[in-house]
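Student: okay, structure incoming, though there's no sequence with it:
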């Protein structure tokens, strides 16, 4: 079974764009030093042949800025909203990854960035014929922007694509 996964990550607590994921407590752009953590809701698109499935996940991320222009972070999450197409229930059981960010540091409340790294996902497809669970890892990349919402609280909007084929 071939599936390509598009991880669409980022959408701030005060939605800036209706593109993808929510970050509720991201201490990145505003204060907090060089370490940050966040909680996210992600919309993830899974393509399986002609099927185009949308699932939701909850995840956490932790990271740190090595310099104002370069950061490292880890993310892990699990599925909370499945999708059903053609009698098949699709769910993303879990995912995790490690990433590097290149940030366009500036004095404004918004910091654009690009992100790249490796993501591992476990996907389950269930029908009356049985259940199939597969996992795969591959390169992921994307772009986003972190926005200061209040002291010690930031949000982000991000789009990430993973080149995963399951």
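Tutor: Looks like it arrived, so ask away. Owing to the predicted nature of the structure, the values given are computational and were not obtained by experimental measurement.

Student: what lines up beside the lengthiest strand in the chain in the sheet?
Tutor: In the chain, taking DSSP state E as the definition, the longest strand is strand 130-150. Paired neighbours of strand 130-150 in the sheet (DSSP bridges): strand 110-127 (antiparallel), strand 153-162 (antiparallel).

Student: number of residues surrounding residue 44?
Tutor: Neighbours of residue 44 under the rule other CB atoms under 10 Å: 27. Where you see a C-beta, it was placed from the backbone N, CA and C, and this is true even at glycine.

Student: residue 132 touches residue 125, doesn't it?
Tutor: Yes - look at residue 132 against residue 125 with CB atoms under 8 Å: they come within range, at 4.9 Å.

Student: more neighbours, those two?
Tutor: Neighbour comparison, residue 132 and residue 125: the larger count goes to residue 125, with 22 against 13 (by other CB under 10 Å).

Student: and that one, bridged to which residues?
Tutor: Here residue 125, judged by DSSP bridges, has bridge partners residue 90, residue 132.

Student: give me the neighbour count for residue 34.
Tutor: For residue 34, the count of nearby residues is 12 (other CB under 10 Å).

Student: pLDDT value on it, please?
Tutor: With respect to pLDDT, residue 34 scores 80.

Student: by mean pLDDT, flag the weakest helix or strand of the chain.
Tutor: The weakest-scoring helix or strand in the chain, judged by mean pLDDT, DSSP states H and E, is strand 22-23 (a mean of 36).
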